[in-house]
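In: okay, predicted coordinates and the sequence, questions at the end:
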Amino acid sequence: MTDPELLASFEARFRDDPDPWKFEASDYELAKRRETLRACGTLTGARVLELGAANGVLAADLAGHAAEVVAIEAVHQAARLATNRLADHARAHVVEGIIPRDVPAGPYDVIVASEILYCLNQDAYARTLQQLQDWLAPGGRIVAVHWRPDGPERPRTAATVHDDLAALPYLELVEAAEHEQYLLSVLRRRETDRQAWVVIPARNEAEHIAAAIQALTAAAAGVTASTHLVIVDDGSTDDTAAIVRNALGDWTHGTAIMLSGPSAGAGWARRTGLDHALTQAESAGDPSAIIATTDADSQVPEHWLTQLHALAGAGHEVIAGDITLSAEAHPGLVAARAERLATRLAAIREYDPQAQHPHFAGGNLAFTARTLTLPQPLPTPRALEDDALHARCDQLGLEILRDASFPVTTSPRLTGRAETGLATALARDARDLGVIPSDTRSHPS
């Protein structure tokens with residue numbers, strides 16, 4: 001919406017009445033909002049953009065389900081009302097601005113356009129249709145809802161808007177519903193052909209590895225592009241290798257391989273897996289391929305690969321995700337770790353103000369293949385290999401995105417597989433809290 005006369009008209013309406021179209025009370029609006037929320041699908045973990053928030057009634061409903069909501073509104077009075085309505089939603093905020101000029105950068109998993117696209121002038125409308133591709137994550141959806149009757153403030157009809165959306169080559173129409181008073185369309189951005197390789201180093205992880213692969217299987221089911229699995233068994237002496245072999249036989253999302261090693265340490269194991277993945281990506285001629293890594297005692301969320309594809313598609317080459325402790329962690333350990341991470345995040349934000357968490361850890365890390373084509377081999381220390389890799393990225397001037405929208409959950413064990421790492425820090429906290437005796441070892445002999 002960019003026409004000054006139309007903005008002034010809407011401004012006057014919201015000054016006279018905080019709910020001029022009875023979004024909260026009318027049966028039409030209530031029914032339409034229920035249908036809109038249904039059409040959005042599962043919003044758990046999703047980042048949502050609402051175009052034209054008005055007084056924030058729909059944005060508040062979205063915020064009750066989504067991980068993050070960004071709502072943009074050009075009318076000053078309406079934006080104020082929406083901001084007040086969303087005050088209790090920490091992960092929702094209103095941007096007062098013009099569409100498309102002031103829309104914050106994506107990617108978004110869901111974009112909602114309710115009663116707005118037919119109000120834009122021709123230039124803003126054409127640029128919005130063009131920029132939807134940049135805002136929307138691969139596999140993400142657009143939910144468009146528009147009132148069918150014509151009106152003087154609408155340069156085009158609802159049918160025109162929905163036909164134009166359906167004609168965009170990067171979208172596929174999932175649902176088209178003609179209600180008596182409005183049209184509802186759900187469109188999905190076509191998936192990228194970009195492939196992904198996921199590397200998991202493992203040593204004596206019989207207790208955790210099956211759950212790790214199961215979680216990754218669920219994540220791979222959420223993308224249409226191939227996901228290839230590379231597990232490096234670093235000299236396990238338990239049943240890890242047998243469990244992995246059984247799991248690889250059930251992997252249907254791409255290739256799957258287990259590499260074996262001589263217990264040379266986490267650095268060697270991760271590098272071996274990353275090198276293998278890079279070789280495969282180069283053979284496939286896919287420099288934009290994602291090469292990601294997680295840990296055998298960790299579980300990725302269902303939207304993990306969806307987010308990595310979206311962020312890589314938005315131009316990010318080195319992506320560091322958040323890491324959280326699983327639910328069985330001792331509350332004292334969780335609190336101590338949170339305090340330590342807050343200090344680390346404050347330090348990181350001195351040079352990276354956009355960082356959402358302080359991690360750069362192998363449990364939740366991804367690169368594009370072109371980025372891993374480094375002038376020197378990857379570092380291979382027995383422990384803290386992620387720190388060494390971080391130093392290499394700094395040396396090469398690679399920008400790191402620390403995004404908290406796809407956290408990996410890891411075990412709170414106090415006996416680690418390396419001489420130092422998360423288990424070491426947790427064991428130290430546990431000794432300080434009296435959870436374990438002070439002479440307890442933090443890594444196996």
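Out: Looks like it came in fine. All values reported here derive from a predicted model rather than from experimental measurement.

In: any idea how far residue 131 is from residue 51?
Out: Residue 51 sits 11 Å away from residue 131, going by CB to CB, to the nearest Å. All C-beta atoms are positioned from the backbone trio N, CA, C, and that covers glycine.

In: between these two, which is the more surrounded one?
Out: Higher neighbour count among residue 51 and residue 131: residue 51, with 25 against 15, using other CB atoms under 10 Å.

In: what does stretch 96-107 rub up against?
Out: Applying CB atoms under 8 Å, 6 or more residues apart in numbering, the external contacts of stretch 96-107 come out as 1-2, 47, 49, 51-52, 70, 72-74, 76, 79, 95, 116, 120, 124, 127-128, 131, 134-138, 140, 310-311, 313-314.

In: next one: stretch 36-50
Out: 58-59, 61-62, 65-72, 103-104, 106-112, 114, 135, 137, 141, 143, 145, 175, 184, 186, 301-303, 405-406.

In: drop anything exposed from those residues.
Out: 58-59, 61-62, 66-72, 103, 106-112, 114, 135, 137, 141, 143, 145, 184, 186, 301-303, 405-406 (16 or more other CB atoms under 10 Å).

In: what is the burial count for the residue lying closest to residue 251 once chain neighbours are set aside?
Out: Nearest residue to residue 251 in three dimensions, chain neighbours excluded: residue 229, at 5.5 Å (CB to CB, 6 or more residues apart in numbering). When counting by other CB under 10 Å, one arrives at 25 neighbours for residue 229.

In: what about residue 229, which helix or strand?
Out: Assigned by DSSP states H and E, residue 229 belongs to strand 227-234.

In: pLDDT at residue 79, what is it?
Out: Model confidence at residue 79, given as pLDDT, is 91.

In: meant to ask about residue 265, not that
Out: 81.

In: what do you get for residue 64?
Out: Value for residue 64, per-residue pLDDT: 92.

In: that older thread, mind listing what's buried in whichever helix or strand comes after the strand holding residue 229?
Out: Of the helices and strands lying after strand 227-234 in sequence (DSSP H and E), the nearest is helix 240-248. Buried residues in helix 240-248, counted by 16+ other CB under 10 Å: 240, 241, 243, 244, 247.

In: list the contacts of the first one.
Out: Right, residue 240. Contacts of residue 240 (CB under 8 Å, 6+ apart): 202, 203, 204, 205, 206, 209, 233, 296.

In: if you set the cut-off to 10 Å instead, what comes out?
Out: 202-210, 231, 233-234, 258, 296 (CB atoms under 10 Å, 6 or more residues apart in numbering).

In: next step: those restricted to strands.
Out: If you go by DSSP state E, the contacts of residue 240 have 202, 231, 233, 234, 258 in strands.

In: low-confidence bits of this structure, can you list those?
Out: 1-2, 191-192, 329, 374-385, 413-445 (pLDDT under 70).

In: just the helices in it please.
Out: 4-16, 27-40, 57-63, 76-85, 122-135, 158-166, 209-220, 240-248, 266-283, 304-313, 331-348, 369-372, 385-396, 422-433 (DSSP state H).

In: about what we covered before: state the distance from the residue nearest to residue 251 to residue 243.
Out: 14 Å.

In: shared neighbours, those two?
Out: residue 213.

In: if anything else comes up later, I'll come back, but that's it for now.
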